[in-house]
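*Asks:* dropping a prediction and its sequence here:
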Amino acid sequence: LLEGRATGSRGYELAAAYVAAQFRQYGLTPAGADAGFFRSVPLIEATAVLPGSSLVLRNEGTTEFDFGKDYLPSVNFFNTSSGVSAPMVFAGYGIEAPEYKFNDLADIDVQGKVAVILEGAPERLNDEVRNVYGWSETKYASLSKAGAIGVIEIHPANEKSVSNPQTSWERMAAMSWVSQMRKLNAEGQPDERFPELKLKFRLNAAVAAPLFANSGHPFEQVMQATKAGEAQSFALPGTVTMSATTGLRRMESNNVLGLIRGSDTKLQQEFILIAAHLDGLGRGAAANGDSTYNGLQRNAVGVAMMLEMARAIAAMPTKPKRSILFAAVTAGEKDAQGLSALLSEGSAQSRNIVAALVLDTPLPVTRTSDVIGIGADQSSMGNRLVAAAQQQNLRMILSDEVENSLLAPSLAPLVKAGIPVLSARGGNRARDGRNVLSIKNNWFQQHINHPSDDLTNAPLDSAAARELVNLNVATLLDLANDAERPVWYRSSLPYRKL
C-alpha cells in the first residue's frame, strides 16, 4: 500500500498521515504549519537520463568510456542538458588542509579545468580529519573556490565495506536509476552549494589509466604514492568532454512534526530533536519480480522506534524539563533534504535545538550486550549514552567503519548547523552467541536498498528494537533534564569548521 514511501509519492503521504495520526493519539502538540503536524518541503528532483550522457577523452587519440561499466554521470539541478569540455589536472584527493600539513591544491591551477581526484582521504590523517576532508562536499568547496568547472572522482577498485556495500562499483551502477533531490530556497531555486561545478562524474579505477597516459605519472605509480600518503598534483595532457541529460521535476513533500513541551519554564525554550527519515526508495528496478523497495531496516524500523519514544515520553505524568521535537522527515534518502529544510526553516524550534538523537538504520537484528554510538566520542552526549547503556547492562562501543561518521547523510546537516548529535545502532556481540557481524553483513550485501528489505527476508528482532528504544529514552531524559547543554569535544574541531 505504501509503495516504498518514495519522497513526494502517494505512498509517502499515506505514511506521513499515519505518523501524524499517531502523534495526535499520543497527545503531542502539532509543530508544523497552520497548527498542524505537516510542514511542506519544496523540492526539485533530478534524474539522470541514462542514454543522454557521455565521457570522452582526447589525448593522442580518442577514448570513449561506457556508461555504467566505466563511469556514472552526475545530474544538474538547473539545466536538463549540461556539458563540459576542458583540460584536466590531477589534484590528488582534492584535499586542501594546510593546517594538517596536507594540501593537494598547493601547486596547481584548476581554474577553468576539470579536476581529476581520488575518492576518500590518505590514511596517515587521523579519523576525524579523514572523515571531514575526505567528504565530497569538503573537496567540492575547495575545488569550486579554486575555479574548477567539473570533477571526475576515481572510485578505488574493489572498494567496499561491511557498513556500506554501496561503495562497490557494481552496486553503485545498479542503483544509478535512483533520483537525487535538492530543497528549493526562498527564491524557488535549487539549494545547490556548488553550481560552479557543472558536472561531477565518477570513474571506475579499472579504466582510469588512459587519463594519465603521457603525463609522466602512470596511474599505477600514482596509486602507489597514494598508499604512501603523499600529496600529489600535476597537469594531465589532453582534454575531456563530459555531457549529461537530466530529467527535472518540482514537487512538495511533508515533514511530520510533533512537540512535547518541556516542564521547566526556562529550559522549555530549548529543544532536543528526535529525527528519523520516513521516506524510502519507492518503486524501481524489479528483483525477482518485486519492484517495491520496502525499506524495513532503512528506515521503517527507525520511524517505529521514534513513535514508541514519543508515546512513552508523552505518557509520563511529569514531562522532561526541555522540550522534545519529534520529526519524521522526508527526503532522507536524498541527502537528508527534509532534515536540512527543518533546520533552516527559522522557527523557534529549529533555532533553539541544543542536541539531536537520530534514528537511521538502527539495525536491531538480535539482542546484543553492546551498542554502537555514532558520534559518541565527539560530544558530551556520549557520556549520556554510556550512562544509559550501563543501566541496561550494555557496553557502548565506537564504530570502526569510516562511513559511520558524523558526516553520514542523516547526521551531516546537524553537524554543519553546530548541533551535537548522536545515533545509537545495534551492537556486534549477541547475547545468544550468534555471529552478529555475519547477520549484518548479509543484510548489507543482500537487502539494503533492495526490494527484499522487508519483514519476510530482512532480519529484525523486536526485543532488540525495544532495548534500543529504552536506551534512547534514557539518554533523551538525561539530556532533557540536565541544566547544562551538551558540548562538543576538542576532537570534534574538524567537524565544527564545516
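*Replies:* Structure received.
*Asks:* from here on, contacts and neighbour counts on C-alpha atoms
*Replies:* Will do.
*Asks:* what count of nearby residues applies to Ala21?
*Replies:* Neighbour count of Ala21, defined by other C-alpha atoms under 10 Å: 13.
*Asks:* and what about it, helix, strand or coil?
*Replies:* Here Ala21 is helix, with the state taken from DSSP: H, G, I helix; E, B strand; the rest coil.
*Asks:* quick one: it from Ser168, how far?
*Replies:* Taking C-alpha to C-alpha, to the nearest Å as the measure, Ala21 falls 40 Å from Ser168.
*Asks:* ok, Leu55 next?
*Replies:* 21 Å.
*Asks:* what ranges do the helices span in the protein?
*Replies:* Using DSSP state H, the helices of the chain run over residues 10-26, 127-133, 136-146, 169-174, 219-227, 301-314, 337-344, 348-351, 381-391, 412-416, 436-446, 462-481, 493-496.
*Asks:* just these: most buried one?
*Replies:* By mean neighbour count, with neighbours taken as mean count of other C-alpha atoms under 10 Å, helix 337-344 ranks first of those at a mean of 24.
*Asks:* ok, back up a step: between Leu55 and Ser168, tell me which one has more neighbours.
*Replies:* Leu55 (23 against 16).
*Asks:* ok, what's across the strand from the closest residue to the more buried one other than its chain neighbours?
*Replies:* Once flanking residues are discounted, Leu55 sits nearest to Met242: 4.8 Å by C-alpha to C-alpha, 6 or more residues apart in numbering. Beta-bridge pairing for Met242 (DSSP bridges): Leu55, Val84.
*Asks:* please apply the same query to the one 4 residues further on.
*Replies:* As for beta bridges, Thr246 partners with Ala48 under DSSP bridges.
*Asks:* and for Leu199?
*Replies:* Gly150.
*Asks:* tell me how far it lies from Lys183.
*Replies:* 19 Å.
*Asks:* the more surrounded of those two?
*Replies:* Taking neighbours as other C-alpha under 10 Å, Leu199 and Lys183 compare with Lys183 leading, 25 against 21.
*Asks:* OK, contacts around the closest residue in space to that one that isn't next to it in sequence?
*Replies:* In space, and not counting its chain neighbours, Lys183 is closest to Leu43: 4.3 Å by C-alpha to C-alpha, 6+ apart. Shown in contact with Leu43 (C-alpha atoms under 8 Å, 6 or more residues apart in numbering): 181-184, 190, 250-253.
*Asks:* again with Leu407
*Replies:* Per C-alpha under 8 Å, 6+ apart, neighbours of Leu407: 131-132, 135, 415.
*Asks:* in JSON lines: those residues, plus distance to Arg39 and pLDDT.
*Replies:* Below are the contacts of Leu407 laid out as JSON lines (distance: C-alpha to C-alpha, whole Å; pLDDT from 0 to 100):
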{"residue": "Asn131", "distance to Arg39": "32", "pLDDT": "88"}
{"residue": "Val132", "distance to Arg39": "31", "pLDDT": "92"}
{"residue": "Trp135", "distance to Arg39": "30", "pLDDT": "92"}
{"residue": "Val415", "distance to Arg39": "22", "pLDDT": "95"}
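*Asks:* most centrally placed residue in the chain?
*Replies:* Pro409 (1.6 Å; C-alpha atoms, centre = their mean).
*Asks:* pretty sure it contacts Gly338?
*Replies:* No - contact between Pro409 and Gly338 fails when scored by C-alpha atoms under 8 Å: they sit 11.2 Å apart.
*Asks:* what residues are shared contacts of those two?
*Replies:* Joint contacts of Pro409 and Gly338 (C-alpha under 8 Å, 6+ apart) are Gly332.
*Asks:* for the residue sitting furthest away from the middle of the chain, give its distance to Ala91.
*Replies:* Distance to the chain centre peaks in the chain at Glu60, reaching 40.3 Å (criterion: C-alpha atoms, centre = their mean). In this view, Glu60 and Ala91 are 22 Å apart by C-alpha to C-alpha.
*Asks:* quick check: bridge partners of Met251?
*Replies:* Under the criterion used here (DSSP bridges), Met251 is bridged to Leu43.
*Asks:* residues contacting it?
*Replies:* Listed by C-alpha under 8 Å, 6+ apart, the contact partners of Met251 are 8, 42-45.
*Asks:* now do the strands in the stretch 251-400 of the chain.
*Replies:* For the stretch 251-400 of the chain, the strands defined by DSSP state E, counting those that start in this stretch occupy 271-277, 282-287, 290-293, 323-329, 353-358, 370-374, 395-397.
*Asks:* how far does stretch 63-80 sit from the chain's center?
*Replies:* 22 Å (C-alpha atoms, centre = their mean, to the nearest Å).
*Asks:* now it: buried residues?
*Replies:* Neighbour-count burial for stretch 63-80, with 16 or more other C-alpha atoms under 10 Å as criterion, is recorded at 65, 67-68, 70-78, 80.
*Asks:* which residues does it contact?
*Replies:* Here stretch 63-80 has contacts from 44-48, 50, 53-57, 82, 173, 176, 180, 182, 190, 192, 198-204, 206-207, 210, 244-248, using C-alpha under 8 Å, 6+ apart.
*Asks:* of the residues you listed, buried ones?
*Replies:* 44-48, 50, 53-57, 82, 173, 176, 180, 182, 190, 198-204, 207, 244-248.
*Asks:* what residues sit buried inside stretch 446-463?
*Replies:* In stretch 446-463, the ones that count as buried by 16+ other C-alpha under 10 Å are 446-454, 458-460.
*Asks:* narrow those residues to those in strands?
*Replies:* Residues of these located in strands (DSSP state E): none.
*Asks:* which intervals of this structure have sub-threshold pLDDT?
*Replies:* 157-167, 400-404 (pLDDT under 70).
*Asks:* tally of neighbours for Ala235?
*Replies:* With other C-alpha under 10 Å as criterion, Ala235 counts 18.
*Asks:* now swap in the one 5 residues further on and tell me
*Replies:* Val240 is surrounded by 22 other residues when neighbours are defined as other C-alpha under 10 Å.
*Asks:* not counting sequence-adjacent ones, nearest residue to it?
*Replies:* Using C-alpha to C-alpha, 6+ apart, the nearest residue to Val240 is Leu57, at 4.6 Å.
*Asks:* now do that neighbour against Arg351, distance only.
*Replies:* 48 Å.
*Asks:* returning to what we had before: what's near enough to touch the closest residue to the residue farthest from the centre of the chain other than its chain neighbours?
*Replies:* Excluding the flanking residues, the one nearest Glu60 by C-alpha to C-alpha, 6+ apart is Gly238, at 7.5 Å. Contacts of Gly238 were listed using C-alpha under 8 Å, 6+ apart, and they are 57-60, 87-88.
*Asks:* the same query, at a cut-off of 10 Å, please.
*Replies:* 57-62, 86-89, 211-215 (C-alpha atoms under 10 Å, 6 or more residues apart in numbering).
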